[in-house]
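Asks: Mind looking at a prediction? Sequence and model below.
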Amino acid sequence: MRVVMHNWMRPEPIEVTIKRLKSLGYDGIQIMGEPRKYDVKEVRKLLKDNKLECWGAVTIMVKGRDLIHADPYYREMSQTYVKECIDLVAGLGGNIITVVPSEVGKVVAMADADTEWAWAVEGLKVIADHARKKKVKIGLEPLNRFETNFLNRHDQALALADAVGEDVGVCLDAFHINIEEADMYDAILKTGKRLVDFHVADNNRRPPGQGSIDWKKIINTLKKAGYDGAMTVEFVVPFDRSPLREKAQDSDAGTSATDAELKFIRDHGSDLMSDALYTRHCENTIKHLRKSGA
């Protein structure tokens, strides 16, 4: 099974990210959804030179990016943003895009449930039409209730995918389904062939092996469900402000994070860390996944 990795958790020059992924044995990247941040030709060459693939991208739903916002201007702007992310994926020869429909961290509704659902379907149909033209597959990702009040479980994601179009799929995340699903393994099986991406973090959102999830069982369940895509690493290590912290997290981070990117990371309970500490987490992750059968 292919193992790729997000890069939004450590914004840095893309060549640094790609070099790390290559050296640790990853198969590719799921690039952060900031299409105006990257030179497509440059990134595509870097990936080719390092024999890595772009599996896809994930939408970074910071404030103002929201397909169910009460203001139609924000909804239209968000549709345009996701279409630009799809263009980025297509330009890099990628396969999928993971779409989070609403702003991450927004847990208060702006309208009644039926109205918000209609807004989501309307916007996603526009996005899906664009994705078909670019030959990019959409995966709708449910998040836990503390990060969104819209789309928390696999059955909700499947219902929304059905409302948008039969070629729209679902992305599941081990961290989120561990919180929201009655049976996370059953959720994978019931999503079945509609699963287009699977995000990897342990129950505490740390790297696999640093929590309680049975990764051998997860991987075997994915195979049983017929999933043949990538496992996309997305750990978010909490920043420890106690005397127990690893001093390496206090080192010079050496990243190129914008204020918005840094806020997004901090809103997820993490912070910038040293290259050495981040690399160690990346290395431990792929070792554990390979050992578990990926």
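Replies: Thanks, I have it.

Asks: Please count neighbours and contacts with C-alpha atoms only from this point.
Replies: OK.

Asks: For the lowest-mean-pLDDT helix or strand in the chain, which outside residues touch it?
Replies: Ranking every helix and strand in the chain by mean pLDDT, DSSP states H and E puts helix 259-267 at the bottom, with a mean of 89. Contacts with helix 259-267, where a contact means C-alpha atoms under 8 Å, 6 or more residues apart in numbering, come from Trp8, Met9, Pro11, Val62, Gly105, Asp271, Leu272.

Asks: For it, what is the distance to the chain centroid?
Replies: The chain centre lies 15 Å from the centre of helix 259-267; the measure is C-alpha atoms, centre = their mean, to the nearest Å.

Asks: before we move on, back to that, name the nearest of the contacts of helix 259-267 relative to Arg206.
Replies: Met9 (11.9 Å; C-alpha to C-alpha).

Asks: Please name the nearest non-neighbouring residue to the closest one.
Replies: If the residues on either side of it in the chain are set aside, Met9 comes closest to Ile265, at 6.4 Å by C-alpha to C-alpha, 6 or more residues apart in numbering.

Asks: and that neighbour, how many neighbours?
Replies: 21 (other C-alpha atoms under 10 Å).

Asks: Against Ile31, how distant is it?
Replies: Applying C-alpha to C-alpha, to the nearest Å, the value for Ile265 to Ile31 is 15 Å.

Asks: now Met110
Replies: Here Met110 is placed at a distance of 30 Å from Ile31 (C-alpha to C-alpha).

Asks: the more surrounded of these two?
Replies: Of the pair Met110 and Ile31, Ile31 is the one with more neighbours under other C-alpha under 10 Å, namely 26 against 13.

Asks: The more buried one: helix or strand, and which one exactly?
Replies: strand 28-33 (DSSP states H and E).

Asks: Give me the sheet partners of that strand and which way each runs.
Replies: strand 2-6 (parallel), strand 53-59 (parallel) (DSSP bridges).

Asks: how much distance is there from that strand to the middle of the chain?
Replies: The answer for strand 28-33 is 8 Å, by C-alpha atoms, centre = their mean.

Asks: Buried residues of the helix or strand that comes right after it, list them for me.
Replies: Of the helices and strands lying after strand 28-33 in sequence (DSSP H and E), the nearest is helix 40-49. Residues of helix 40-49 classed as buried by neighbour count (16 or more other C-alpha atoms under 10 Å): Val40, Val43, Arg44, Leu46, Leu47.

Asks: Tabulate these in a markdown table, adding columns for pLDDT and distance to Thr255.
Replies: As requested, the buried residues of helix 40-49 are exported to a markdown table (pLDDT from 0 to 100; distance: C-alpha to C-alpha, whole Å):
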| residue | pLDDT | distance to Thr255 |
| --- | --- | --- |
| Val40 | 98 | 20 |
| Val43 | 98 | 18 |
| Arg44 | 98 | 21 |
| Leu46 | 98 | 19 |
| Leu47 | 98 | 20 |
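
Asks: roughly how far apart are the residue with the largest distance to the centre of the chain and Arg205?
Replies: Relative to the centre of the chain, the most outlying C-alpha is that of Pro243, 31.3 Å out, by C-alpha atoms, centre = their mean. Pro243 is 21 Å from Arg205, where distance means C-alpha to C-alpha.

Asks: cool, Ile188 as well?
Replies: For Ile188 relative to Arg205 (C-alpha to C-alpha), the value is 18 Å.

Asks: which residue is nearest the middle of the protein?
Replies: Most central in the chain (C-alpha atoms, centre = their mean) works out to Val58, at 4.8 Å.

Asks: residues near the closest residue to that residue other than its chain neighbours, how many?
Replies: Excluding the flanking residues, the one nearest Val58 by C-alpha to C-alpha, 6+ apart is Thr98, at 4.6 Å. As a burial measure, Thr98 scores 28 neighbours (other C-alpha under 10 Å).

Asks: the longest helix in this structure is where?
Replies: helix 113-134 (DSSP state H).

Asks: which residue packs closest to Ser212, ignoring adjacent ones?
Replies: Asn203 (6.2 Å).

Asks: The one you found belongs to a strand?
Replies: No. The assignment for Asn203, made by DSSP: H, G, I helix; E, B strand; the rest coil, is coil rather than a strand.

Asks: was I right about Thr221 contacting Tyr185?
Replies: Yes. Contact criterion C-alpha atoms under 8 Å: Thr221 and Tyr185 qualify, at 6.5 Å.
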